[in-house]
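A.B. asks: A structural model of the following input is requested.
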Amino acid sequence: MDGADSTGSANSAWRYSGDTVDVALLAFGYKAGLDPNALHREIEVVADIPFESERKFAARLYRDHRDRDAGRLHVAVKGAAETVLGLCETMLTAQGNEPVDRAQMEARAEHLAEDGYRVIAVAAATLEANDSDLDDLAQGFDEARLPPLTFLGLTGMIDPLRPEAKAAIETCRTAGVTVSMITGDHPATALTIARELGIAERKDELVVGRDLPDTESGDDPTFVEHVKDVHVFARVSPCKSCTSCRPCASWVTSSPSPATASTMHLPCAPPTSAWPWAPAPTWPRTPPPSS
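C.D. replies: Below you'll find the predicted structure:
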């Protein structure tokens, strides 16, 4: 994994560091009886395409020293199911490689996401390259130079929520504060988590990042129309997340409560996180303006 590292073996205790998704994939490998560290010693990394939220996948170009054909290179890809499937021409089955059935695989990914899993698709390819090609690939390996891929499968993992997150959201609701969620996850995954937290229940309370209009103002009629009843923003990249928060901040309205009238004010802080490993910013002590 390009974003994680570990020490240990399949039958002993091991320590890890790095990206949580990559750590989960490493753990999956250990539980399957593989030794990722031993596998790493057998390969030579030629080039990487790092994961970016806008790209939605990561890729590695490498040489396997166990391969008798020294001119053969391999590509491994992981990322969002809809993105990786779009790069695949074939899929690995019990009968060998067959044309990829994108509709079937996307339906399976949707089913996993609806159960609250973060879904990662994996794919691979092999290509022939001589020494001159190798230098060229190492300097300019990018999405445009990926060969047609073979889809290998889907993995599903659960991000545990902070135990106190649901109670905190209920406390906010009692105080008249409406909580929204902005995430890069699949829409189905996001809605399942939102239901668990009590943030949203219906699909019409969710919007996908690509459908958000670009604006810096919460007074933009198009933006207001898109988000007036929305509590969950899914498949939102970090840059889009920031631009989404700014206009939202200018029109967030707290719901009426028995103790106070409805008020119009800025939220107390930037978005916070319910994930146990993510530090959340603290709210200022200054109260919102009175109505």
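A.B. asks: could you list the buried residues of stretch 162-169?
C.D. replies: Buried residues in stretch 162-169, counted by 16 or more other C-beta atoms under 10 Å: Arg162, Ala165, Ile169. (Each C-beta comes from the backbone N, C-alpha and C, glycine too.)
A.B. asks: CA atoms of that stretch as PDB?
C.D. replies: Extracted C-alpha coordinates of stretch 162-169, given in PDB (Å, rounded to 0.1, in the frame of the first residue of the first chain):
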ATOM      1  CA  ARG A 162     -17.300   7.900  17.800                       C
ATOM      2  CA  PRO A 163     -19.500   6.400  20.500                       C
ATOM      3  CA  GLU A 164     -20.500   9.900  21.700                       C
ATOM      4  CA  ALA A 165     -21.300  11.200  18.200                       C
ATOM      5  CA  LYS A 166     -25.000  10.400  18.200                       C
ATOM      6  CA  ALA A 167     -25.600  11.800  21.600                       C
ATOM      7  CA  ALA A 168     -23.800  15.000  20.700                       C
ATOM      8  CA  ILE A 169     -26.000  15.400  17.600                       C
END
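A.B. asks: mark out where each domain of this protein begins and ends.
C.D. replies: 42-157, 165-264 (automatic domain parsing).
A.B. asks: tell me the bridge partners for Thr150.
C.D. replies: Beta bridges link Thr150 to Thr90, Ala124 when assigned by DSSP bridges.
A.B. asks: residues contacting it?
C.D. replies: Residues in contact with Thr150 (C-beta atoms under 8 Å, 6 or more residues apart in numbering) are Cys88, Glu89, Thr90, Met91, Leu92, Asn97, Ala123, Ala124, Ala125.
A.B. asks: relative to Leu25, which of the domains of the chain is closest?
C.D. replies: Nearest to Leu25, of all the domains of the chain, is domain 42-157, at 6.8 Å by C-beta to C-beta.
A.B. asks: what about the closest one, how long is it end to end?
C.D. replies: Its start and end residues considered, domain 42-157 measures 27 Å (C-alpha to C-alpha, to the nearest Å).
A.B. asks: stretch 31-43 too?
C.D. replies: For stretch 31-43, the first-to-last residue distance is 21 Å (C-alpha to C-alpha).
A.B. asks: next, count neighbours for the closest residue to Leu87 other than its chain neighbours.
C.D. replies: Nearest non-adjacent residue to Leu87, counting by C-beta to C-beta, 6 or more residues apart in numbering: Leu149, 4.9 Å away. Around Leu149 there are 24 other residues, counting by other C-beta atoms under 10 Å.
A.B. asks: Leu149 reaches Val77, doesn't it?
C.D. replies: Yes. Using C-beta atoms under 8 Å, Leu149 is in contact with Val77, at 6.0 Å.
A.B. asks: so what sits against both of the two?
C.D. replies: Common contacts of Leu149 and Val77, defined by C-beta under 8 Å, 6+ apart, comprise Val84, Leu87, Ala123, Ala124, Ala125.
A.B. asks: wait, which of the residues you listed is closest to Val21?
C.D. replies: Nearest to Val21 among the shared contacts of Leu149 and Val77 is Val84, at 13.9 Å by C-beta to C-beta.
A.B. asks: from Thr90, how far out is that closest one?
C.D. replies: Val84 sits at a distance of 13 Å from Thr90 (criterion: C-beta to C-beta, to the nearest Å).
A.B. asks: same question for Arg202.
C.D. replies: 38 Å.
A.B. asks: neighbour-wise, which of the two wins?
C.D. replies: Comparing Arg202 with Thr90 by other C-beta under 10 Å, the one with more neighbours is Thr90, at 16 against 12.
A.B. asks: gap between that one and Leu152?
C.D. replies: Per C-beta to C-beta, Thr90 is found 10 Å from Leu152.
A.B. asks: same question for Gly209.
C.D. replies: Distance, Gly209 to Leu152, by C-beta to C-beta: 27 Å.
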